[in-house]
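Trainee: Pasting the sequence and the predicted coordinates here, then a few questions.
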Amino acid sequence: MPVISPARSKRLLDHAKTVGRGHFFPSPSGGRPYNSSVANVFRYLRERGFPSTTVEALRARWLVDLANSPLPAAMVFQLAGNSHYWSLATHHDHLMSMEPKGVAELMLRAKGVGMISMLEHGFVIKADVWSRAQEVIRRGYAAEYIEQINAQYRGAGGRKATAVVPSIEAVLTAGLALIMIGKPASIAGIHRLLCELEPDQRLECGFAKDGALLAYPAFANWLTRQLEVFDPGADLVARRVLNHVHREQLAARTAEQREASELARARRDELVNLIVAGSR
């Protein structure tokens with residue numbers, strides 16, 4: 001399942017402003033908006049104090065909704081024909097049993113957690129698959145390498161997380177386990193898999209066996225920081241651009257930025273090589 005970064009959100013928002021509603025909200029078959037499948041949700045929300053929740057308002061405000069209101073964001077994906085998000089958009093009966101306060105909390109809470117975490121995996125990672133993935137990561141010392149590099153940049157102080165922060169080993173193991181069963185190793189997929197680990201699996205991977213894992217937005221931000229020094233394009237705008245614009249961006253880099261990019265590329269290649277070596 002794809003993860004929608006702020007940069008991608010802006011790109012899709014720009015696209016929404018450029019094309020008409022019929023193009024931005026097509027159904028997979030007929031090319032028309034799925035008005036019938038979301039009308040009940042819109043009506044239900046309007047009755048409970050959300051009068052601006054319309055298709056037009058979604059198109060104009062969905063970047064903000066992605067950050068603060070999981071339901072409208074899910075509606076956009078459903079209208080856009082992304083089958084991964086249909087279950088939340090079309091199976092809205094769970095909303096009908098909620099009190100107005102519950103709907104308000106769903107609409108306003110934690111930055112997209114509801115949009116992603118409500119969806120079920122639809123598959124199970126077997127214990128032997130998890131063990132094989134963990135063995136590869138450990139044999140290659142990939143987690144230790146990431147921690148060693150990040151230790152060079154870690155400053156003093158900082159606020160202690162109230163939720164459980166997973167270990168890098170657990171993150172890499174989860175990503176590899178997803179790949180081994182033919183699933184995309186997205187940040188959202190890794191987060192959901194980590195949330196489902198048994199206490200003994202959590203302990204074995206080096207993080208607390210009890211307590212709620214970081215919520216998805218905090219987890220995504222944390223993992224992005226952990227891997228930033230392995231990204232040779234960390235200084236570039238994270239959106240699709242024309243080839244000549246990309247060349248101009250590369251040419252405009254300072255000497256320090258070019259050096260940092262080459263160093264990150266070398267680190268990334270070394271990390272990949274460690275994982276490959278661990279799989280032999």
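Mentor: Yep, that arrived.
Trainee: Residue ranges in the stretch 101-250 of the chain under the pLDDT threshold?
Mentor: Within the stretch 101-250 of the chain, the ranges that satisfy pLDDT under 70 run 101-123, 155-161.
Trainee: ok, 80 please
Mentor: 101-124, 154-163, 208-211, 237-239 (pLDDT under 80).
Trainee: show me where it has helices.
Mentor: Taking DSSP state H, counting those that start in this stretch to define them, one finds helices in the stretch 101-250 of the chain at 113-117, 127-140, 142-151, 168-180, 187-195, 199-204, 216-227, 243-251.
Trainee: May I see these arranged in JSON lines, with mean neighbour count and distance to residue 271 as well?
Mentor: C-beta coordinates here come from the backbone N, C-alpha and C atoms, glycine included. Formatted as JSON lines, the helices of the stretch 101-250 of the chain follow (neighbours: other CB atoms under 10 Å; distance: least, CB to CB, whole Å):
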{"stretch": "helix 113-117", "mean neighbour count": "21", "distance to residue 271": "26"}
{"stretch": "helix 127-140", "mean neighbour count": "17", "distance to residue 271": "9"}
{"stretch": "helix 142-151", "mean neighbour count": "17", "distance to residue 271": "6"}
{"stretch": "helix 168-180", "mean neighbour count": "23", "distance to residue 271": "9"}
{"stretch": "helix 187-195", "mean neighbour count": "21", "distance to residue 271": "16"}
{"stretch": "helix 199-204", "mean neighbour count": "15", "distance to residue 271": "22"}
{"stretch": "helix 216-227", "mean neighbour count": "17", "distance to residue 271": "9"}
{"stretch": "helix 243-251", "mean neighbour count": "11", "distance to residue 271": "23"}
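Trainee: my guess is residue 234 meets residue 227, correct?
Mentor: No - here residue 234 lies out of contact with residue 227, judged by CB atoms under 8 Å, at a distance of 9.2 Å.
Trainee: Residue 143 contacts residue 137, correct?
Mentor: Yes - taking contacts as CB under 8 Å, residue 143 lies within contact range of residue 137: 6.0 Å.
Trainee: what is in contact with these two at once?
Mentor: Residues touching both residue 143 and residue 137 (CB atoms under 8 Å, 6 or more residues apart in numbering) are 169, 172.
Trainee: contacting residues around residue 207?
Mentor: 164-167, 170.
Trainee: now do 10 Å
Mentor: Applying CB atoms under 10 Å, 6 or more residues apart in numbering to residue 207 gives the contacts 164-171, 194, 197, 213.
Trainee: shared neighbours, residue 234 and residue 227?
Mentor: residue 264.
Trainee: Check the gap between residue 197 and residue 170 for me.
Mentor: Distance from residue 197 to residue 170, counting by CB to CB, to the nearest Å: 7 Å.
Trainee: can you list residues touching both of those two?
Mentor: What both residue 197 and residue 170 touch, as defined by CB under 10 Å, 6+ apart, is the set 204-205, 207, 213.
Trainee: which one of those is nearest residue 268?
Mentor: residue 205 (22.6 Å; CB to CB).
Trainee: In this structure that closest one contacts residue 213, no?
Mentor: No - with contact defined as CB atoms under 10 Å, residue 205 does not count as touching residue 213 (11.9 Å).
Trainee: Make CSV from the helices of the stretch 101-250 of the chain and add distance to residue 260 to it.
Mentor: Listed next are these as CSV, based on distance: least, CB to CB, whole Å:
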stretch, distance to residue 260
helix 113-117, 31
helix 127-140, 25
helix 142-151, 13
helix 168-180, 21
helix 187-195, 23
helix 199-204, 34
helix 216-227, 14
helix 243-251, 13
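Trainee: Tell me what angle the lengthiest helix in the chain forms with helix 142-151.
Mentor: Ranked by number of residues, the top helix in the chain under DSSP state H is helix 255-278. Here the directions of helix 255-278 and helix 142-151 differ by 160 degrees (axes from the mean of the first three to the mean of the last three CA atoms, to 10 degrees).
Trainee: buried residues in helix 255-278?
Mentor: Buried positions in helix 255-278, judged by neighbour count with 16 or more other CB atoms under 10 Å: 260-261, 264, 267, 271, 274-275, 278.
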